[in-house]
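**Q** with the sequence up front, the predicted model follows.
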Amino acid sequence: MNFTPVLNPQSSLRPILIVEDNDMDLDFCLQAFEEHSIANPVIACRDGEEAIDFIDAHPSAADAKLPLLVLLDLRLPKVDGVEVLRHARAHPVWKQVPFVILTTSRENTDITLAYEIGVNAYIVKPVDFGSFAEVVKHIKMFWILSNEPPFAPPVGK
């Protein structure tokens, strides 16, 4: 399966993986990434099965396509986001990749379960673009600029 970046394909940075089936939400996300000058390539999986295929195709920390961050919707066709997260957390390398749930669900059971199986953050999607862009700004500030990610190249290389 070919996982070509949908944004910034020439970038040599680690990609951001977005697992999202809703066209409008994916478009909001990509527009907000552009608005906030996120330089990482962005790879999109459109359902949970595709996401599992991506995880299985990139099992090594040395793989340049192992993502810096995964933004994962819970409500996905074929395989839901909870199962995608479980699958990822079963792989030693993928246990270290930060996962942020980005979903419409405010259900306490969803939130609790996501944290129990290893999500790093849980964000309820805003419905308007301005608020969505603000969420992306915060994601950029913390997960891309402030956080020390796993698999980062050593300083000076």
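**A** Received, thanks. Keep in mind that this is a model prediction, so the values were computed, not measured.
**Q** just checking, what's the longest helix in this structure?
**A** In the chain, ranked by residue count with DSSP state H as the criterion, the top helix is helix 23-35.
**Q** what about that helix, distance to the chain center?
**A** How far helix 23-35 lies from its chain's middle: 13 Å, per Cα atoms, centre = their mean, to the nearest Å.
**Q** from the contact counts, what lies against that helix?
**A** Applying 3 or more Cβ pairs under 8 Å, 6 or more residues apart in numbering; DSSP states H and E, we find helix 23-35 packed against strand 16-19, strand 42-45, helix 129-139. C-beta coordinates here come from the backbone N, C-alpha and C atoms, glycine included.
**Q** tell me where the model's unsure across this structure.
**A** 1-2, 152-157 (pLDDT under 70).
**Q** in the sheet, who's paired with the residue nearest to the spatial centre of it?
**A** The centre of the chain sits closest to residue 70, judged by Cα atoms, centre = their mean, with a distance of 1.8 Å. Going by DSSP bridges, residue 70 is paired in beta bridges with residue 17, residue 99.
**Q** check contacts around it.
**A** By Cβ atoms under 8 Å, 6 or more residues apart in numbering, the residues touching residue 70 are 16, 17, 18, 19, 88, 97, 98, 99, 100.
**Q** repeat for residue 52
**A** With Cβ under 8 Å, 6+ apart, residue 52 has these contacts: 79, 83, 84, 87.
**Q** ok, the residues you listed vs residue 33, which is closest?
**A** Taking Cβ to Cβ as the measure, residue 84 is the one of the contacts of residue 52 closest to residue 33, at 20.8 Å.
**Q** can you verify my assumption that that closest one contacts residue 78?
**A** No. Counting by Cβ atoms under 8 Å, residue 84 does not reach residue 78; the two are 9.9 Å apart.
**Q** of the two, which one has the most company?
**A** A count of neighbours by other Cβ atoms under 10 Å puts residue 84 above the other of residue 84 and residue 78, at 27 against 14.
**Q** in the helix or strand hosting the more buried one, what's buried?
**A** Counting by DSSP states H and E, the element that carries residue 84 is helix 81-89. Along helix 81-89, these residues count as buried under the neighbour rule (16 or more other Cβ atoms under 10 Å): 81, 82, 83, 84, 85, 87, 88, 89.
**Q** what's the farthest-apart pair in the residues you listed?
**A** Farthest-apart pair in those is 81 and 89; separation 12.4 Å (Cβ to Cβ).
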